[in-house]
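Chemist: pasting a predicted model and its sequence here:
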Amino acid sequence: MRLVGESIRQYLFQLKRVPNLQQLLQRHHLQPWQRHAVGAADVLTLYPALGQPRAFWLAPKDVAAPTGTALSADLWQVGEVMSGIAWVELATFEAFVPQMLNYESVDGVNFKKGCYPGQEIVARSQFRGTLKRRAFIVQSSVPMTSGQEVFSSQDLSQPCGLIAQAAHDGSHHVAIAELQLSATENSSLHLGSASGETLTLLPLPYALREDI
């Protein structure tokens, strides 16, 4: 189950029977990527979106779910995009290294821990400063889908990026797009082709780390 906004704090703080829970939350300030054991359930805090904290609630099926206003799947997906953190989907499988989706800027990857598939390529991008692509939030007047190419007015012959994750709520179409850094400066961005719909860059909710 997905939780958004004050419903997270209300749910966690109403469970006084959980030892030291309030102290735990005060210490972490509902920081993302934290797991909170709440009785038989677990609450996994996610990165916030649009100024609202978010979390996953996981529990056995016989545990009563938290109460609150229901959130539509479309609005949740918009929040996923506006958090600035893309999920890798089938259409973008093996298309990125972590830094292209800003994972190191949101503590989604740690370069000092262990080994993992693709480590050589990832480490080369990290420590040699060869990364020239980043993830950005974009807005369009038309729907977008994962895997769509993005073109820049600087070079109409080849794509400058890829839509990583997209969402809409009926009136707003937003997406996380992986883009060449040069294409985000002094050029226009277009969806699908050089003559496609214009994309507008929106601000990320976090700062990009500069140690790349």
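Modeler: Great, that's in hand. Numbers count the residues shown, from 1 in each chain.
Chemist: and the helices in this protein?
Modeler: 6-14, 21-28, 73-82, 119-127 (DSSP state H).
Chemist: least reliable of these by average pLDDT, please.
Modeler: Here the lowest mean pLDDT among the helices of the chain goes to helix 21-28, at a mean of 45.
Chemist: who is Thr200 paired with across the strands?
Modeler: Assessed by DSSP bridges, Thr200 has beta-bridge partners Gln139.
Chemist: so it touches Gln139, yeah?
Modeler: Yes. Between Thr200 and Gln139 there is a contact at 4.7 Å, judged by CB atoms under 8 Å. The way it works is simple: take the backbone N, C-alpha and C, and place the C-beta from them, glycine included.
Chemist: counting neighbours, what do you get for Tyr103?
Modeler: 18 (other CB atoms under 10 Å).
Chemist: and Leu156, by the same measure?
Modeler: A count of neighbours around Leu156, defined by other CB under 10 Å, yields 12.
Chemist: look up how far Ser187 lies from it.
Modeler: 10 Å (CB to CB, to the nearest Å).
Chemist: just the buried residues of stretch 152-160, please?
Modeler: Across stretch 152-160, burial judged by 16 or more other CB atoms under 10 Å covers Ser152, Pro159, Cys160.
Chemist: which ones among those residues are found in strands?
Modeler: Ser152 (DSSP state E).
Chemist: quick one: low-confidence ranges for the chain?
Modeler: Low-confidence segments of the chain (pLDDT under 70): 1-30, 111, 113-130, 211-212.
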